[in-house]
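Asker: Quick one, fold the following:
(one chain, ligands or ions: 1)
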Amino acid sequence: MITIAFWFVLGLVLAKCAAQLWLDHLNRQYVRAHADTVPAAFRDIIDEPTYAKSVKYTLAKNRLARIETSYNATLLLIILSSGVLPWGFRLFMSWLGPSVWASAAFLFTVGVVLTLPGLPLEWYHQFRLEQRFGFNTTTQRLWWLDRLKGLLLGLALGYPLLVLVLKLVEWTGGWWWLWAWGTLLAFQLLMLVVAPVLILPLFNKFTPLPEGGLRERLFNLAARTRFHARSIQVMDGSKRSRHSNAFFTGFGGFRKIVLFDTLIQQLAEPELEAVLAHEIGHFKKKHITKTLLLSALGSLAGFFIISLLAKQEWFYGAFGFTPGPLAPALLLFGLLSGLVTFWFSPLAHWWSRRHEFQADAFAAEVMNEPGPLIGALRKLNEKNLSNLTPHPAYSRFYYSHPTLLERERALQGQRVRRPRLLRPCSS
Ligand SMILES: [Zn+2]
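Answerer: Predicted structure coming up:
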């Protein structure tokens, strides 16, 4: 029987799908309208052939995104309406008996099976689209190996975590959601320390940045900004893609700065210093702590909502489950929460873009001038064939970073204050 709750979810699926397709449509029109010549604002930055290529790349990604959106929405509707989930749950319960281990096995299996339909599109993205624009450096072997490693990691880490969360319901009763949240939080904090040491090296090789001018320059910057970093590492990002990046991992004494080898190839030394200054800016302005806190609050709300839904017979009934066990509520929440959080993404991205502006300003201040950062941003946009003219509604919805033009304007508009005397760090 189709209930109101089911119709409501159906409406949410269609609304999200329609909004995504509409945003893609707007963006496509906007990019096409600017496609003929390089817009005046970018004439000094990018040459005609590279601009034309970036337009083609954007349109190709847009096409794939539209296919993906329709495909995913159709798939979700089939999964929800076919009754395959409650059928699978009953199957697991009758095979393995109604235990926490069986429930967790069901959730894990569904999680794995649901990634399968997306594989062809992911494959196409890497080996057709990225390949065509010269970004792909991944081999078939490496690509499949990555997926296999991901699966094994999920089994080693995700499955025990699921068992633990479900066990908490037995152990702690009505307040299970608070305990589950605490457990997840502890796990995430542990991963912050463990991942750089044990997990990232499974996928990439990290080598210390060799002695020399660049290393000296970057450690100098770290000292000037009193940013304690244990080491600066180079990651072989070129093994998979020509896209470039920089980040730091871990916290406290475990902190490591990581530069992609592709980034080092693309940027001049002062530009690399500016990029690192930007990253340090995120740290100094406490963006990382704030983001962690916000995500912790988000998952607290999530667990609370699951605990409420787990008591609602209509919720189970709407999707063909028998009320009682927690696993179906966890699964449905996992499948459906994105339909709601999608509408909050402009807010989350607005917050993130604000952080980017602040980190840019920090970088310009410690570099005494915005020039190197602007140079770096221009090169990165050019090398990554970024869309220089996204539709404003599209970028507001999807962009976690301001566009090149917005960042340049903010950097140039900002009066660079006289250098503040920053004491070098003692250690
Ligand atoms: Zn940033």
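Asker: Secondary structure element for L77, which one?
Answerer: Mapping L77 onto the secondary structure by DSSP states H and E places it in helix 48-82.
Asker: Correction: the previous question concerned F362.
Answerer: For F362, the secondary-structure element it belongs to, assigned by DSSP H and E, is helix 345-367.
Asker: try F247
Answerer: F247 belongs to strand 246-249 when assigned by DSSP H and E.
Asker: contacting residues around that strand?
Answerer: Residues external to strand 246-249 that are found in contact with it (CB atoms under 8 Å, 6 or more residues apart in numbering): 192, 195-196, 200, 229, 255-260, 263, 275-276, 279, 283. Using the backbone N, CA and C atoms, a C-beta is placed for each residue, glycine as well.
Asker: Stretch 86-94 too?
Answerer: A102, S103, A105, F106, T109, V110, F319, G320, F321, T322, A327, P328.
Asker: so the last one makes contact with G317?
Answerer: No. At 10.8 Å, P328 does not count as touching G317 under the criterion of CB atoms under 8 Å.
Asker: Counting neighbours, go ahead and name the busier of the two.
Answerer: Between P328 and G317, P328 has the larger neighbour count (other CB atoms under 10 Å), namely 24 against 15.
Asker: Toward the C-terminus, what is the element adjacent to the lowest-mean-pLDDT helix or strand in the chain?
Answerer: Among the helices and strands of the chain, strand 246-249 carries the lowest confidence by mean pLDDT, DSSP states H and E, at a mean of 78. Once strand 246-249 ends, the next helix or strand along the chain (criterion: DSSP H and E) is strand 256-260.
Asker: mind checking how far that following strand is from the chain centre?
Answerer: 18 Å (CA atoms, centre = their mean, to the nearest Å).
Asker: So which other helices or strands are in contact with that strand?
Answerer: Applying 3 or more CB pairs under 8 Å, 6 or more residues apart in numbering; DSSP states H and E, one finds that strand 256-260 contacts strand 231-235, strand 246-249, helix 269-284.
Asker: what's the first one packed up against?
Answerer: Right, the one you point to is strand 231-235. With contacts taken as 3+ CB pairs under 8 Å, 6+ apart, strand 231-235 sits against strand 206-208, helix 213-224, strand 256-260, helix 261-266.
Asker: Given that strand, what are its sheet partners and their directions?
Answerer: strand 206-208 (antiparallel), strand 256-260 (parallel) (DSSP bridges).
Asker: Now do the first one: everything it contacts.
Answerer: Residues from elsewhere that reach strand 206-208 (CB under 8 Å, 6+ apart): L200, S231, I232, Q233, V234, M235, K256, V258.
Asker: Could you check how many residues crowd around the nearest residue to P325 once chain neighbours are set aside?
Answerer: Closest residue to P325 apart from its sequence neighbours, by CB to CB, 6 or more residues apart in numbering: S103 at 6.2 Å. S103 has 25 neighbouring residues, counting by other CB under 10 Å.
Asker: S103 sits in which helix or strand?
Answerer: With elements delineated by DSSP H and E, S103 resides in helix 100-115, which encompasses its position.
Asker: What confidence value was assigned to W175?
Answerer: At W175 the predicted local confidence, pLDDT, stands at 93.
Asker: Around it, how many other residues sit close by?
Answerer: If you count neighbours by other CB under 10 Å, W175 ends up with 11.
Asker: Surely it forms part of a helix?
Answerer: Yes. W175: assigned to a helix according to DSSP: H, G, I helix; E, B strand; the rest coil.
Asker: what's the spacing between it and L168?
Answerer: Applying CB to CB, to the nearest Å, the value for W175 to L168 is 9 Å.
Asker: P120 now?
Answerer: 37 Å.
Asker: surely A310 meets L331?
Answerer: No. Contact criterion CB under 8 Å: A310 and L331 do not qualify, at 11.2 Å.
Asker: what sits in contact with each of these two?
Answerer: Overlap between the contact sets of A310 and L331, as judged by CB under 8 Å, 6+ apart, is nil.
Asker: For the least confident helix or strand of the chain, list the C-alpha coordinates in PDB.
Answerer: Listed in PDB are the C-alpha atoms of strand 246-249, where the atom choice follows Å, rounded to 0.1, in the frame of the first residue of the first chain:
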ATOM      1  CA  ALA A 246      47.600  20.700  -1.300                       C
ATOM      2  CA  PHE A 247      46.300  19.900   2.100                       C
ATOM      3  CA  PHE A 248      47.400  19.100   5.600                       C
ATOM      4  CA  THR A 249      46.600  16.100   7.700                       C
END
